[in-house]
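Trainee: Just the structure for this:
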Amino acid sequence: MGLGDRHQKKDVEAALKRAEAAGLKVTRTGKNHQWGWVLCCPCNRKHTVPCTPQSPGEEARYIDRFTRRHAHCA
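Mentor: As a prediction, this is how the structure comes out:
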């Protein structure tokens, strides 16, 4: 992720950094209500990250769960 591609919610941003550290790809789209995706290239699976999640803490937990499930692929 580039410097200008940070998520506005600190919990979500921290989870995205953990996903990158685990070897997953984080991309920013900026379309509609999506901030971007967390991608697992070997499995071809993705988790959509919303711009304004209802609960940033819950979204961070979803990203962490996706990271745990797909870290073995990276």
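Trainee: from what I can see Arg6 touches Ala14, true?
Mentor: No: in this structure, Arg6 is not within contact of Ala14 by C-beta atoms under 8 Å, at 10.6 Å. Just so you know, the C-beta spots here come from the backbone N, C-alpha and C atoms, and that holds for glycine as well.
Trainee: now the strands for this structure?
Mentor: Secondary structure of the chain, counting by DSSP state E: strands at 25-28, 34-40, 45-50.
Trainee: and for the first one, what are the contacting residues?
Mentor: By C-beta atoms under 8 Å, 6 or more residues apart in numbering, the residues outside strand 25-28 that reach it are Met1, Asp5, Leu16, Ala19, Glu20, Trp35, Gly36, Trp37, Val38, Leu39, Cys40, Cys41.
Trainee: Give the burial count for the residue nearest to the last one when sequence neighbours are not counted, as a bare number.
Mentor: Which is Cys41. Leaving out its chain neighbours, the residue that sits closest to Cys41 by C-beta to C-beta, 6 or more residues apart in numbering is Lys25, at 6.2 Å. Burial of Lys25 is recorded as 14 neighbouring residues (other C-beta atoms under 10 Å).
Trainee: Please apply the same query to the one 3 residues further on.
Mentor: Arg28 sits with 17 neighbouring residues when counted by other C-beta under 10 Å.
Trainee: What of Thr29?
Mentor: For Thr29, the number of neighbouring residues by other C-beta under 10 Å comes to 12.
Trainee: who touches it in this structure?
Mentor: Residues touching Thr29, when contacts are defined by C-beta under 8 Å, 6+ apart, comprise Trp35, Gly36, Trp37.
Trainee: now it: how far from Arg68?
Mentor: The span separating Thr29 from Arg68 equals 23 Å under the rule C-beta to C-beta, to the nearest Å.
Trainee: With Asp5 instead?
Mentor: From Asp5 across to Arg68, the span is 23 Å (C-beta to C-beta).
Trainee: cool, and Gln8?
Mentor: Counting by C-beta to C-beta, the separation of Gln8 from Arg68 is 24 Å.
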